[in-house]
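Enquirer: Structural data only, the sequence is not supplied:
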């Protein structure tokens, strides 16, 4: 009996000290990209822990000039639709992709596709292999040409960051200081 009293007292003390299991298992949610990125670390796109606006107002000002925003709105285009953002090194990084997927992970493959080989077979020594042949799914970081009938990388046009994105197309952004 005495052991049972001691055990129940011990369990009561532990309950006061230990946080509830539910609190530890429930992930924090964020409405602001800055603390979100500081908390989650590198992530390719916002996940369920972020429940704020898809593109906060400050991102427009960070990635567009006032004239660019006005021109898009005058043309009936919402400038927010072109902005994508992600987290890297605890900071927010943004990219404007317009009408092509330049902000995705880079295609780093140096092995030519069958379509490239077919193009070069029909266009020997072509100075460029067009994107219509290479593909638009991921941003290309290499220029391709035909050396005789063989597809060949001529130069690297973009560097790739630690997460595999073209680094020159992404900017570290933050709200303007007031």
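Expert: Nice, thanks for sending it over. The structure displayed is predicted, hence computed values, not measured ones.

Enquirer: which SSE is residue 61 in?
Expert: helix 57-63 (DSSP states H and E).

Enquirer: Toward the C-terminus, what is the element adjacent to that helix?
Expert: helix 66-74.

Enquirer: Name the residues of that next one that are buried.
Expert: Counting neighbours by 16 or more other Cβ atoms under 10 Å, one finds that the buried residues in helix 66-74 are 69, 72. Glycine gets a C-beta too; all of them are placed from N, C-alpha and C.

Enquirer: Stretch 163-178 too?
Expert: 163, 165, 166, 167, 169, 170, 173.

Enquirer: next one: stretch 100-108
Expert: Neighbour counts over stretch 100-108 (16+ other Cβ under 10 Å) mark 102, 103, 104, 106, 107 as buried.

Enquirer: any idea which element residue 152 lies in?
Expert: Using DSSP H and E, residue 152 falls in strand 150-156.

Enquirer: Give me the helices and strands touching that strand, please.
Expert: Identification of packing neighbours for strand 150-156 by 3 or more Cβ pairs under 8 Å, 6 or more residues apart in numbering; DSSP states H and E yields helix 114-122, strand 142-147.

Enquirer: The shortest one - contacts with which helices or strands?
Expert: This means strand 142-147. Using 3+ Cβ pairs under 8 Å, 6+ apart as the contact test, the elements touching strand 142-147 are helix 114-122, strand 150-156.

Enquirer: would TSV of the ones you listed with distance to residue 98, mean neighbour count and mean pLDDT be doable?
Expert: Output for these, formatted as TSV (distance: least, Cβ to Cβ, whole Å; neighbours: other Cβ atoms under 10 Å; pLDDT from 0 to 100):
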stretch	distance to residue 98	mean neighbour count	mean pLDDT
helix 114-122	24	15	97
strand 150-156	22	15	95
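
Enquirer: for those, which one sits closest to residue 34?
Expert: strand 150-156 (32.1 Å; Cβ to Cβ).

Enquirer: Tell me the strands beside the closest one, with direction?
Expert: Using DSSP bridges, strand 150-156 pairs in its sheet with strand 142-147 (antiparallel).

Enquirer: Just the buried residues of the strand it pairs with, please?
Expert: For strand 142-147, a neighbour-count test (16+ other Cβ under 10 Å) marks 142, 144, 145, 146 as buried.

Enquirer: what distance separates that strand from the centre of its chain?
Expert: Here strand 142-147 is found 27 Å from its chain centre; the criterion is Cα atoms, centre = their mean, to the nearest Å.

Enquirer: what does stretch 45-62 give?
Expert: 12 Å.

Enquirer: First-to-last residue distance for it?
Expert: Stretch 45-62 has its terminal residues 18 Å apart, counting by Cα to Cα, to the nearest Å.

Enquirer: Give me the mean pLDDT for that stretch.
Expert: The average pLDDT within stretch 45-62 is 96.
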